[in-house]
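In: Okay, sequence plus prediction incoming.
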Amino acid sequence: MRQSVRAALAALGIVAACGAALAGENRVVQSDRAFEPARLAVKAGDGLTFVNSDLYDHNVYSDSPGNVFNLGIQAPGQTNGVTLAAPGTVEVRCRIHPKMKLVVTVE
């Protein structure tokens with residue numbers, strides 16, 4: 001019995017490791033008070049890494065259903081990340097600079 005439990009746990013560990021390896025990471029740079037790229041397509045479970053390469057603080061957030069987040073104040077040179085879990089269209093903004101907009105399609 002113990003051997004079958006160990007085998008099942010080992011199999012679950014392999015599946016979890018494969019799932020983590022399949023998740024994608026996408027880099028979004030903030031520069032000149034804009035997101036680059038301005039549009040992006042990702043898979044559910046993929047991550048977004050926000051890199052502030054600007055001279056200004058930013059406050060990256062989304063109120064999109066299923067993918068609500070607020071990264072708080074992000075100083076120049078700082079990097080923050082988020083995972084997008086739910087399929088749909090995610091609108092990402094900056095609370096400090098309202099003209100900044102990123103549209104992410106999550107499949």
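Out: Cool, the structure landed.
In: ok, the closest residue to residue 25 other than its chain neighbours - contacts?
Out: Nearest non-adjacent residue to residue 25, counting by C-beta to C-beta, 6 or more residues apart in numbering: residue 47, 4.8 Å away. C-beta here means a position set from N, CA and C on the backbone, and glycine is covered the same way. Residues near residue 47 by C-beta atoms under 8 Å, 6 or more residues apart in numbering: 23, 24, 25, 26, 81, 82, 83, 84.
In: so what's residue 47 bridging to?
Out: Beta bridges link residue 47 to residue 25, residue 83 when assigned by DSSP bridges.
In: what's the pLDDT at it?
Out: Listed pLDDT for residue 47 reads 97.
In: Which of the helices or strands spans the nearest residue to residue 64 once chain neighbours are set aside?
Out: Nearest residue to residue 64 in three dimensions, chain neighbours excluded: residue 90, at 4.4 Å (C-beta to C-beta, 6+ apart). Following DSSP states H and E, one finds residue 90 within strand 88-94.
In: mind listing what's buried in that strand?
Out: Using 16 or more other C-beta atoms under 10 Å as the test for burial, strand 88-94 gives 90, 92, 93, 94.
In: So what pairs up with the first one in the strands?
Out: The bridge-partner assignment for residue 90, based on DSSP bridges, gives residue 104.
In: my guess is it meets residue 83, correct?
Out: No. Contact criterion C-beta atoms under 8 Å: residue 90 and residue 83 do not qualify, at 11.5 Å.
In: How many residues are close by residue 96?
Out: Around residue 96 there are 14 other residues, counting by other C-beta atoms under 10 Å.
In: all strands for the chain, in order.
Out: Per DSSP state E, the chain carries strands over the ranges 25-31, 34-36, 39-42, 47-52, 58-62, 69-74, 79-83, 88-94, 101-106.
In: any idea which of the ones you listed is most buried?
Out: Neighbour counts (mean count of other C-beta atoms under 10 Å) averaged over each of the strands of the chain peak at strand 58-62, with a mean of 20.
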